[in-house]
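Asks: what follows is a predicted structure for the sequence shown.
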2 protein chains.
Amino acid sequence: MDRRRTNENDEATAKERPTLKTLAFMTGLGVTTVSRALKDAPEIGAETRRRVQLVAKQIGYRPNRAGVRLRTGKTNVISLVLNTEHELMSFVSDIIYGVTAMIADTPYHLIVTPYSRSQDPMDPVRYLVETGSADGIIISRTQPNDPRARYLLERGVPFATHGRTDMGLVHPYHDFDNYAFANEAVRYLAATGRRRLALLAPPIGLTYHGHTVNGFTDALSEVGASEVAFNTVTIDHSIEQIRMRTAQLMRRSDRPDGFVSSAAASTLAIVAGIEDAGLKLGRDVDVVSKQSSELLHLFRRELLVVNESFRLAGSELARAVLGWIGGAEPGSLQSLSKPGEVLPYRG
Amino acid sequence: MDRRRTNENDEATAKERPTLKTLAFMTGLGVTTVSRALKDAPEIGAETRRRVQLVAKQIGYRPNRAGVRLRTGKTNVISLVLNTEHELMSFVSDIIYGVTAMIADTPYHLIVTPYSRSQDPMDPVRYLVETGSADGIIISRTQPNDPRARYLLERGVPFATHGRTDMGLVHPYHDFDNYAFANEAVRYLAATGRRRLALLAPPIGLTYHGHTVNGFTDALSEVGASEVAFNTVTIDHSIEQIRMRTAQLMRRSDRPDGFVSSAAASTLAIVAGIEDAGLKLGRDVDVVSKQSSELLHLFRRELLVVNESFRLAGSELARAVLGWIGGAEPGSLQSLSKPGEVLPYRG
DNA sequence: TTGGCAACCTGTAACGTTTCAGTATATTGA
DNA sequence: TCAATATACTGAAACGTTACAGGTTGCCAA
């Protein structure tokens, strides 16, 4: 069916959505002039410009996205690429809010492009590039040698990564300083007398796994504490698995007296495992955990927390992508968020 | 700048993305024929049809979204409208996954359209409709008399609501049976001897506030238990406020011995408040709570939970919207999800 | 007066798609 | 044999936008 408007002439009191043609008719100008006037082109007279813009505002003109996109290739879309199995709930929610807050006053829309375990993480990225579905892309779960980043750089598609790469290539990113987090967590535990520490790390393969492990081990040797290996699970594992492994670990004679945990949900599992083994948090063992919302202290007061804002990450990532689209240098669009102090429960 | 391709003729080994014109050249047919062949139009010869489709698949032809959208008005977009202040974290994450899972094998993209406290909830909906930005809309935080639903029905825009309305108008929805939830929660508590119950309800104004309250009060009179008013806070309030109000309540002599809570995060606050008052969960008071992920039992084993799947909600809402777009009767696209049993901690 | 030039404006074409109104060829009915 | 009809295909136009290549004025210098 053809959805063409019934009033072929735009003279009728247009109930239809106004277009450049409508504006051209109303102002008595050509569509070209109207188009340029709306973008403040210098070859349009100042008075005409103001007049066109006034009328446009009055009748609520909004450029047709499909028209612009077809003609220019510009989609005015940012895509957030998410793994549907392994992203943290709080991550998804907060990063979306961060991104949408940043693009709120722009013409950009946010589309969410998912991929699942069964798929190559490259799939959604390739899809977006090949179909020209977005002007900019945000990817998470960044790897040291990340084929997605490499591919996007090759294609010249603006993007930003949540987490850094380590390929000698320059691109926008936002990252939380997980080295500092793990380092400070260890120091804090050591300062309270804990000497045998275990780390529940991010999944191997992601860049911040390395950062976290390095921060952890560096601090261990600096404070003279030792590590109790706990690398059969990562924060990608299920609650049940982490809990079971923790309980297992805590029943050994060489059990740790301190944990550093990279994710809040995993921390719930660690604590459950500790208690399964009949031990008591705060007495037998301390746990320092990252969290993105203020829930862990409700869970157990004895927990020690470090806050990481995913909302900030979302905003920064969106800012970076928009900046790149706007012509800024990719190298100038990198940010690293420092962890705050390790926080015990405050009254 | 004009981004027109350098090879004006499509004869060159097209490094560019193939279009109908490319296919037309390769098959020796006209673009019209190609277009129709791809949609299995009956007036195209069976052999030609197969040939075109084969070539299209071979070279990876994908219709240009902007072209289709400009010509037909079809956007192939579903928009999820979210409140950035009050949606639950788990809700956002799971509903997005549910929706994306359902639209994965369709040409649809999901865009997230946010609105904040300061805005009229109608704003994003009006924006979407006026700019024709989506073929279908999913809205949450549904009200008994919901102006968004009324508006979308008037405009004939396909949509589905998370939660029901009560305006005598028929439209697709998915809802969790919160009446049954509250009812069964009360019965369970009563069966364990609890007699003075408090309800932490959804925010007044949303339809499921009424459902929940009704299920609660109906069950109260059926089992002969009494209500302890707890309506100074709702699940929209902050953790701190709920906690404080709970503690306040629990210090009164006529304190409740059972709670029904409509959201997991709020339950954490309730428990904290209970403990602030020096009381013990499971001994002095029991709490039945909805949850959307299996975390509450890690938090306190004594909690009693009822599961609500937001992922299911996302899938069902997407299915409903797609169904409406596909021409199904709105009235046939309604679903109500029954709560499972109240679950105590299982070893 | 005229040529040159700046300032301001305009028509046409094109992006990729679908619909409309055909055309050409083969097939049928009488 | 010829017209009517069915089958298979096609060109042109249009959706709304922007880039290109102009077109008019009016003014100034020569």
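Replies: Perfect, I can see it now.

Asks: surely A:Ile95 meets A:Leu312?
Replies: No. Between A:Ile95 and A:Leu312 there is no contact under CB atoms under 8 Å: 9.4 Å. (Glycine included, C-beta is placed from N, CA and C.)

Asks: of those two, who's got more company?
Replies: Taking A:Ile95 and A:Leu312 together and counting by other CB atoms under 10 Å in any protein chain shown, A:Ile95 has the greater number of neighbours (28 against 17).

Asks: how about that one, what does it touch?
Replies: A:Ile95 makes contacts with A:Leu80, A:Ile138, A:Ser140, A:His162, A:Phe310, A:Arg311, A:Ala313, A:Gly314, A:Leu317, as judged by CB atoms under 8 Å, 6 or more residues apart in numbering or on different chains.

Asks: distance of the third one from A:Thr161?
Replies: For A:Ser140, the distance to A:Thr161 (CB to CB, to the nearest Å) stands at 7 Å.

Asks: pick out whichever of those two has more residues nearby.
Replies: Between A:Ser140 and A:Thr161, counted using other CB under 10 Å, A:Thr161 has the larger neighbour count: 26 against 22.

Asks: so which residues on the stretch 201-347 of chain A come close to DNA strand D?
Replies: For the stretch 201-347 of chain A, there are no residues in contact with DNA strand D under the definition CB under 7 Å from any atom of the strand.

Asks: remind me which residues of the stretch 201-347 of chain A are low pLDDT?
Replies: With pLDDT under 70 as the threshold, the stretch 201-347 of chain A has low-confidence stretches at A:347.

Asks: same check, this time on the stretch 51-200 of chain A
Replies: For the stretch 51-200 of chain A, no stretch has pLDDT under 70.

Asks: all strands of it, in order?
Replies: Secondary structure of the stretch 51-200 of chain A by DSSP state E, counting those that start in this stretch: the strands cover A:77-83, A:109-115, A:136-139, A:159-162, A:173-176, A:196-200.

Asks: now these in CSV, with distance to DNA strand C?
Replies: What follows is those, written out as CSV (distance: least, CB to the nearest atom of the strand, whole Å):
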stretch, distance to DNA strand C
strand A:77-83, 17
strand A:109-115, 19
strand A:136-139, 21
strand A:159-162, 23
strand A:173-176, 32
strand A:196-200, 49
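
Asks: turn those into JSON lines, including distance to B:Phe181.
Replies: As requested, these are arranged in JSON lines below (distance: least, CB to CB, whole Å):
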{"stretch": "strand A:77-83", "distance to B:Phe181": "30"}
{"stretch": "strand A:109-115", "distance to B:Phe181": "29"}
{"stretch": "strand A:136-139", "distance to B:Phe181": "37"}
{"stretch": "strand A:159-162", "distance to B:Phe181": "36"}
{"stretch": "strand A:173-176", "distance to B:Phe181": "38"}
{"stretch": "strand A:196-200", "distance to B:Phe181": "34"}
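
Asks: which one of the residues in the stretch 201-347 of chain A is closest to DNA strand C?
Replies: Nearest residue of the stretch 201-347 of chain A to DNA strand C (CB to the nearest atom of the strand) works out as A:Ile325 at 20.2 Å.

Asks: spit out the contact partners of the residue lying closest to that residue once chain neighbours are set aside.
Replies: Counting by CB to CB, 6 or more residues apart in numbering or on different chains, A:Pro158 is the residue found nearest to A:Ile325 once chain neighbours are left out, at 4.9 Å. For A:Pro158, the set of contacting residues under the criterion of CB under 8 Å, 6+ apart consists of A:Asp135, A:Gly136, A:Ile137, A:Leu152, A:Pro172, A:Val321, A:Trp324, A:Ile325.

Asks: my read: the second one touches A:Leu80, true?
Replies: No. The pair A:Gly136 / A:Leu80 is not scored as a contact, 10.0 Å apart, by CB under 8 Å.

Asks: give me the buried positions along stretch A:267-274.
Replies: A:Thr267, A:Leu268, A:Ala269, A:Ile270, A:Val271, A:Ala272, A:Gly273, A:Ile274 (16 or more other CB atoms under 10 Å in any protein chain shown).

Asks: sorry, back to before: correct me if wrong: the residue of the stretch 201-347 of chain A closest to DNA strand C contacts A:Ala134.
Replies: No. Using CB under 8 Å, A:Ile325 is not in contact with A:Ala134; the gap is 10.1 Å.

Asks: neighbour count for the two, which is higher?
Replies: Looking at A:Ile325 and A:Ala134 with other CB under 10 Å, you find the greater number of neighbours at A:Ala134, namely 28 against 18.

Asks: who does the residue lying closest to the more buried one once chain neighbours are set aside form a beta bridge with?
Replies: The shortest distance from A:Ala134 to any non-neighbouring residue, by CB to CB, 6+ apart, is to A:Ser79 (4.0 Å). On DSSP bridges, the residues paired with A:Ser79 through beta bridges are A:Ile111, A:Ile137.

Asks: show me the contacts for A:Ser79.
Replies: Shown in contact with A:Ser79 (CB under 8 Å, 6+ apart): A:Leu110, A:Ile111, A:Val112, A:Thr113, A:Leu128, A:Ser133, A:Ala134, A:Gly136, A:Ile137, A:Ile138.

Asks: now distance to A:Ala219 too, for the residues you listed, in JSON lines please.
Replies: Below are these laid out as JSON lines (distance: CB to CB, whole Å):
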{"residue": "A:Leu110", "distance to A:Ala219": "38"}
{"residue": "A:Ile111", "distance to A:Ala219": "41"}
{"residue": "A:Val112", "distance to A:Ala219": "37"}
{"residue": "A:Thr113", "distance to A:Ala219": "38"}
{"residue": "A:Leu128", "distance to A:Ala219": "40"}
{"residue": "A:Ser133", "distance to A:Ala219": "44"}
{"residue": "A:Ala134", "distance to A:Ala219": "40"}
{"residue": "A:Gly136", "distance to A:Ala219": "37"}
{"residue": "A:Ile137", "distance to A:Ala219": "35"}
{"residue": "A:Ile138", "distance to A:Ala219": "31"}
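
Asks: picking that back up, most neighbours out of the contacts of A:Ile95, which is it?
Replies: Of all these, the most densely surrounded is A:Leu317 (31 neighbours; neighbours counted as other CB under 10 Å).

Asks: any chance of the backbone angles for that one?
Replies: phi -70, psi -40 (degrees, to the nearest 10).

Asks: for A:Thr207, same thing?
Replies: Main-chain dihedrals, A:Thr207, degrees, to the nearest 10: phi -60, psi -40.

Asks: the helix or strand harbouring A:Arg36 vs chain B: in contact?
Replies: Taking DSSP states H and E as the definition, one finds A:Arg36 inside helix A:31-38. No. Shown here: helix A:31-38 not in contact with chain B (CB under 8 Å from any CB of the partner chain), separated by at least 14.3 Å.

Asks: okay, that helix in PDB with CA atoms only?
Replies: As requested, the backbone C-alpha atoms of helix A:31-38 are provided in PDB (Å, rounded to 0.1, in the frame of the first residue of the first chain):
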ATOM      1  CA  VAL A  31      13.700  23.800  -0.300                       C
ATOM      2  CA  THR A  32      17.400  24.200  -0.800                       C
ATOM      3  CA  THR A  33      17.300  27.500   0.800                       C
ATOM      4  CA  VAL A  34      15.300  26.200   3.700                       C
ATOM      5  CA  SER A  35      17.600  23.300   4.200                       C
ATOM      6  CA  ARG A  36      20.600  25.500   4.300                       C
ATOM      7  CA  ALA A  37      18.900  28.200   6.400                       C
ATOM      8  CA  LEU A  38      18.200  25.600   9.000                       C
END
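
Asks: cool, thanks, signing off.
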